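Novice: Could you work out the structure for the sequence below:
(2 chains)
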Amino acid sequence: MNSKILSIISALFLVSGIGAQTETDGLMMAKNNLCGGIVLGSNNWNHYWEGTYYRNNQNIGTLQTKVAMGMLNYGVSDKFNIIASLPYVQTNATAGTLRGQKGLQDISLTAKYEFYGKSYKWAYVSFLAFGSVSTPTTNYVADYLPLSIGMHIKTASGRLMIDLQKKNWFFTASTQYTTRGNVTIDRTAYFTTEQIYSNQVSMPSVLNSNVRMGYRKGADLIFELVYDRMNTLGGFDIRKNDMPFLSNNMEASRIGLNFKLPINILGNSGLSWLGNATTTFAGRNMGQSHIVMTGFVYQGDFTKKSK
Amino acid sequence: MKIQRILYIALSVAVLSNSCRQDIVSDNLKYPALQPTNLDTNAGSWRPILLSKPDEFGIANPIATTSADYKLELLEIKSRQNNRTDEEEIAIKYWSAGVILRWNEIMRELVAKYNLPPYQNPDGTYPIPSASNPLAYPFFPFANPPYAARAYAYLSAAQYDAMVAAYFYKSKFKRPRPAITDPSIKQLVPVTADFVYPCEEAVAAGASAAILTLMFPGEQEFIQQKLTECENVRILIGANTRSDIDAGEALGKSVASKFIGRARTDGAGKAVGTPAYWQSLIDKTVAKGETPWLSRETPARPPMLPLFGKTMSFLMDTTEVINSRPGPPPSTNSDQFKKELEEVLWFSQHPDRDRMKVVHFWSDGAGTYTPPGHWNAIACEDFVNQHWSEARWARNLALLNMSMFTAAVCCWDAKYYYFNPRPSQMDPDCKTLTGLPNFPAYTSGHSTFSGAAAKLLSHVVPSEASKYMSMADEASKSRLWGALHYRSDIEVGMTMGLAIGQKAVDRAKTDGAE
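Specialist: The predicted structure is shown next:
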């Protein structure tokens, strides 16, 4: 009994949480650069919001989600990057009888374009646009919250961003709108606020706002503070002592810290170490996630090598 | 500009995927208007369930169709037809599919709405819903499977007796349709009924509303609104006048009162038991040398309706229930038990996607219309294609739901007589693939309900018999695959269910409708 949804959102958040030329930051990768990485994360909660009621559940204990995610980022040009990611997710409840799930989740592709960038006296100002699509890669169970590994939906998103940099200090703000396809579930009837006879579930769209600021030097030395808020545009509340459902009205406000450090033991190796810690301080029909993750990324310039 | 082109593509992908989103129309709203191929004009002579005779409850003699008052009633039809609202058009489409169908769906919706286990008190005990205070938390009722099975049965049985009475009086009074008396009246939906006093839809609505109010006392406003809407549609479509409806609703309520009187004394109200009784179940099982069932919930929740097995159902009396009780499940100390537990563990540890689909399709747990509700949904979907009269709809749903009510009673009797543990109690590694119900394992409720339902449905829709049997088999196996039940639970439950379904079939053969 809970809200977790988190699988997909946590996977998205892994990307957005990590500081490095991703779909929520203002950093662009240079032309012909390719960056690949592996991130390992864990997302735990033992309290959740049932509607607005903050509670625990001794028949769930702690809901643990482990994620291993591969990502790739390619610089088509200095102003245009393509980012891909695919997580493997595993869930487990420490109490109760429900069996956890595991499997490959949804692949996500993002196009990132800096359409305005200019140096002013006071800062370098850039505006960026993002377009993302995601789709499930396996036939995992969606209608089994909070143990399912994701929501098994196709999504399409657009994000607009402003990024300001003065010397090594930066501020980034963005907002994203995500539209989500219907979910096909294994049942042919379900109750939301009324009884519906269908195996299709209509999913409310999602609005996300993200603000981050901190220190960055180049692309591989970053310390930043991130505020992130997501909320669905519609949906219904979990009834008292009911299970969560895919089309619940979900909200989460989170704050986190990111770092990215170059590993330069033998000169510039192209390898970086990154990490993140995020916590949820407000929500609705979702678990109060505490997320930690770490990973390594390698970035190389393929222009020279190919010549 | 290459980049711009790529951006345009990305944008069109986003727009396209947005347009792929389709609004969901519930399947039950797509049903066509009911047009019976056989009017069953003799349904007034079918054998009722509780009524001693079809005219046990009298109704007023209809006023003459030549009278001034009746002409006023005809005027009401015309005036309402001329001032139809969009909402009324939706209501016409909705109710025209059949009122027995729609009231069955309304009960399913209320069951799903109320099928939630109460949240614990701060001290770890659980509050018990109270019928006298249904709107205070925990809401009354907790519409769990036994409660629901009984509620569906009272609804359908009362509807059936109400239809027998309605058809009896329709044939007796022979009042013609408004459009026959006044050809200028438009019939917005094809109306084939021979005689219309009392309005059979209003009889069904009156009976249904009364039973629903008994079972869901906190929903009176909602139920009354549905009743009014259902009756208004009869006038809007030009099928009935006000006096047909008033007489119908009154007759329906009278018939329902007989069922309500029975429901108040059928023993279900005492099924919760007491803490002393709950303890005695444990003590008795220990005394037999067996492992007693324990709640797997934290805090431990009292067992669900342990005395429901003593409830008086329609198809078997309490003595018959005891006499037909199955033999014991394998002893928890036996090799057979160990073997069965190992089988459950294997399914638990190998949650293959195809099996999970079956487990979740049949889960019908908290927050749903329960397994009996699922079988009502399956039945109604097929019944729509049979083009039956309202009387035959009511009769077949009554047989279906009486069989599942009796299945609930027999199954609960076995569960609390043997009080055996669930697999996950005996081996915590037997994690379940859907919610674990809070009552003993033997026999499986899903299997008992499904056997009873499939047997009866195979009789009333013989062309679908093999489908019903394979669905029942799947429903039954889903409980083993989901690691909720041992093989003995599902096999013995299925045998019980089929035997109970046969009782309903036996009744069907002698009620005068075949």
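
Novice: make it CA atoms for all contacts and neighbour counts henceforth
Specialist: OK.

Novice: in a helix, that's where A:Gln58 is, yeah?
Specialist: No. According to DSSP: H, G, I helix; E, B strand; the rest coil, A:Gln58 belongs to no helix; its state is coil.

Novice: If you tally nearby residues, what's the number for the spatially closest residue to it that is not a sequence neighbour?
Specialist: Leaving aside its sequence neighbours, A:Gln58 sits nearest to B:Thr298 (C-alpha to C-alpha, 6 or more residues apart in numbering or on different chains; 5.6 Å). B:Thr298 has 15 neighbouring residues, counting by other C-alpha atoms under 10 Å in any protein chain shown.

Novice: List the contacts of B:Thr298.
Specialist: B:Thr298 is in contact with A:58-59, A:96, counting by C-alpha atoms under 8 Å, 6 or more residues apart in numbering or on different chains.

Novice: same check, this time on B:Phe314
Specialist: B:Phe314 makes contacts with B:402, B:405-406, as judged by C-alpha under 8 Å, 6+ apart.

Novice: which stretches of the chain have low pLDDT?
Specialist: Because you didn't say which chain, this covers chain A. A:1-21, A:304-307 (pLDDT under 70).

Novice: my bad, chain B
Specialist: In chain B (pLDDT under 70), the answer is B:1-22.

Novice: Where do the domain boundaries of it fall?
Specialist: Domain assignment for chain B by automatic domain parsing gives B:30-57+B:74-264, B:272-510.

Novice: so which of these gets nearest A:Trp45?
Specialist: A:Trp45 sits nearest to domain B:272-510 of all those, at 17.8 Å, using C-alpha to C-alpha.

Novice: how long is the closest one end to end?
Specialist: The first and final residues of domain B:272-510 sit 36 Å from each other (C-alpha to C-alpha, to the nearest Å).

Novice: swap in stretch B:428-442?
Specialist: With C-alpha to C-alpha as the measure, stretch B:428-442 spans 18 Å from end to end.

Novice: in it, what counts as buried?
Specialist: B:429-442 (16 or more other C-alpha atoms under 10 Å in any protein chain shown).

Novice: now those in CSV, with secondary structure and distance to A:Tyr120?
Specialist: Formatted as CSV, these follow (DSSP: H, G, I helix; E, B strand; the rest coil; distance: C-alpha to C-alpha, whole Å):
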residue, secondary structure, distance to A:Tyr120
B:Asp429, coil, 63
B:Cys430, coil, 65
B:Lys431, coil, 61
B:Thr432, strand, 61
B:Leu433, coil, 59
B:Thr434, coil, 59
B:Gly435, coil, 60
B:Leu436, coil, 63
B:Pro437, coil, 66
B:Asn438, coil, 67
B:Phe439, coil, 71
B:Pro440, coil, 74
B:Ala441, coil, 73
B:Tyr442, coil, 77
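
Novice: Residue in the stretch 201-307 of chain A with the shortest distance to chain B?
Specialist: A:Asn241 (5.8 Å; C-alpha to the nearest C-alpha).

Novice: Helix, strand, or coil at B:Asp40?
Specialist: The three-state label given to B:Asp40 by three-state DSSP is coil.

Novice: I figured it hits B:His387, correct?
Specialist: No. With contact defined as C-alpha atoms under 8 Å, B:Asp40 does not reach B:His387; the gap is 11.6 Å.

Novice: Okay, helices next: where are they in the stretch 151-300 of chain B?
Specialist: Listed in chain order, the helices found in the stretch 151-300 of chain B under DSSP state H, counting those that start in this stretch are B:178-181, B:200-215, B:220-236, B:242-264, B:275-287.

Novice: And the contacts of the shortest one?
Specialist: I take that to be helix B:178-181. With contacts defined as C-alpha under 8 Å, 6+ apart, helix B:178-181 is touched by B:65, B:74, B:185-187, B:238-241.

Novice: Can you tell me the closest non-neighbouring residue to A:Glu251?
Specialist: Spatially, and ignoring its direct neighbours in sequence, A:Glu251 is nearest to A:Asn231 (4.1 Å; C-alpha to C-alpha, 6+ apart).

Novice: Is the one you found located within a helix, as I assumed?
Specialist: No. Counting by three-state DSSP, A:Asn231 is not found in a helix; it is strand.

Novice: dump the residue contacts of the closest residue to B:Phe439 other than its chain neighbours.
Specialist: Distance criterion C-alpha to C-alpha, 6+ apart; nearest residue to B:Phe439, sequence neighbours excluded, is B:Pro303 at 5.3 Å. By C-alpha under 8 Å, 6+ apart, B:Pro303 lies in contact with B:278, B:295, B:438-440.

Novice: so which pair among the residues you listed is furthest apart in space?
Specialist: Farthest pair in the contacts of B:Pro303 (C-alpha to C-alpha) is B:Trp278 and B:Asn438. Separation: 13.1 Å.

Novice: which neighbours do these two share?
Specialist: What both B:Trp278 and B:Asn438 touch, as defined by C-alpha under 8 Å, 6+ apart, is the set B:302-303.

Novice: Just the element for the residue of the stretch 201-307 of chain A closest to chain B, please.
Specialist: A:Asn241 is part of no helix or strand when elements are defined by DSSP states H and E.

Novice: Contact partners for the closest residue in space to it that isn't next to it in sequence?
Specialist: Among residues not flanking A:Asn241 along the chain, B:Tyr119 sits closest, at 5.8 Å (C-alpha to C-alpha, 6+ apart). Going by C-alpha under 8 Å, 6+ apart, B:Tyr119 touches A:240-241, B:126-127, B:138.

Novice: cool, A:Ser209 as well?
Specialist: Applying C-alpha under 8 Å, 6+ apart, we find A:Ser209 in contact with A:173-176, A:228-230.

Novice: What's the local residue count around B:Leu50?
Specialist: By other C-alpha under 10 Å, neighbour count at B:Leu50 equals 17.

Novice: what about it, is that helix, strand or coil?
Specialist: Classification of B:Leu50 using three-state DSSP returns coil.

Novice: Phi first, then psi, for it.
Specialist: When read as degrees, to the nearest 10, the backbone of B:Leu50 gives phi -110, psi -30.

Novice: The helix or strand hosting B:Tyr416 packs against which elements?
Specialist: Under the criterion of DSSP H and E, B:Tyr416 resides in helix B:390-418. Judged by 3 or more C-alpha pairs under 8 Å, 6 or more residues apart in numbering or on different chains; DSSP states H and E, helix B:390-418 is in contact with helix B:99-114, helix B:145-173, helix B:318-323, helix B:370-383, helix B:445-460, helix B:487-510.
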